[in-house]
Each structure stands twice: as structure tokens, then as C-alpha cells.
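Asker: Using only what follows, build the 3D model:
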Amino acid sequence: MHTSMTLKKVFGLVLGCLFVASLVPSVIAFANNHADTPYRFQLSYGACGDTENRAKYDDSSTYIKCTSNTGVAIVQSNGRQMGSVYTWGPKYPVGIGAQYIYNYVWEERPRTDVTAYCFLRFTNQDVQRTITTEGLWSPDSV
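Answerer: Have a look, this model is predicted:
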């Protein structure tokens, strides 16, 4: 009787481990690149500033959280792959707080076997002043 209980416990433990191991690939498949990176640009009229390129892992919106804006900067989410810009998203005025920036960086990537990258371009269209904008951004919103 003692041997059959031990075998049942071992069998149950093995089944439990297999179940947990089967979940790991799905957790990895749904991971995205939503960690925040700081940005700060001081832009005179007509000037623009680009963030660094960050890998884009899904079709979610780009996220920004502006903490300081001395005017109305314009932001645009863009796609880059193998050194070439291949998509330009719509332009949005930057306001204080969180914003989701729609884009097609993931959907329009030229190749699916090569990493697609996202970057933001901030511009100043205000003739009257220099604008400083700063905050956080992420290529994939949560």
C-alpha cells in the first residue's frame, strides 16, 4: 500500500511539472516591450528630436507619459527595420499625462523574420517659442 501511494505522489508531481512547463512558451509569446524610457527635447521652431530605436513586439499603441511641456510639441510614432524608416504614424499634440499613440509599426513591417523597431519623433510647430518636452515612453503599451 505504501508503494502505491508513493507512486501516485511521484506521478502527480511529474504531471504538475509538465503542466507548468507547458505554460512557459505562452508567457514568453505574450511578452512585450513596455518598459518606460525617459525622453527630453528642447526644440526651436521647425526642429525635431528622435528617441532611440526600441524593438516593437506587438500591434499595441505606443505609450507616452509627458511630465513637462512648455508648449505644444507634436509627436509621431515611426517604424524602422534594417536601417530604413518604413512607416510614419499619425501626428498627435503632446499633452501632460499619459497618451496612447496609434501606429502600424508592427502590422506594416516589411519582413516578419527581422526585428521591427519603433522610435518617436517630436517636432515644434510653434513659431513663437522654443518648446521643452520631457517624460517617459514605450513602444508597446500594456
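Asker: where do the strands sit along the chain?
Answerer: For the chain, the strands defined by DSSP state E occupy 37-43, 48-50, 54-56, 62-69, 73-81, 84-93, 97-101, 116-124, 131-138.
Asker: Just put those strands in TSV and tack on distance to Glu108, mean neighbour count and mean pLDDT.
Answerer: (C-beta placed from N, C-alpha, C; glycine too.) Output for these, formatted as TSV (distance: least, C-beta to C-beta, whole Å; neighbours: other C-beta atoms under 10 Å; pLDDT from 0 to 100):
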stretch	distance to Glu108	mean neighbour count	mean pLDDT
strand 37-43	23	16	97
strand 48-50	19	14	97
strand 54-56	11	19	95
strand 62-69	14	18	95
strand 73-81	7	22	96
strand 84-93	5	14	94
strand 97-101	15	15	95
strand 116-124	9	22	97
strand 131-138	19	20	96
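Asker: what's the distance between the closest residue to Gly135 other than its chain neighbours and Thr130?
Answerer: Spatial nearest neighbour of Gly135, chain neighbours left out: Cys66 (4.1 Å); criterion: C-beta to C-beta, 6 or more residues apart in numbering. According to C-beta to C-beta, to the nearest Å, Cys66 and Thr130 sit 17 Å apart.
Asker: can you check Thr115 too?
Answerer: Noted for Thr115: a distance of 35 Å to Thr130, by C-beta to C-beta.
Asker: just Thr112 next, same as before
Answerer: Distance from Thr112 to Thr130, by C-beta to C-beta: 41 Å.
Asker: Of these two, give the one with the bigger neighbour count.
Answerer: Thr130 (13 against 7; other C-beta atoms under 10 Å).
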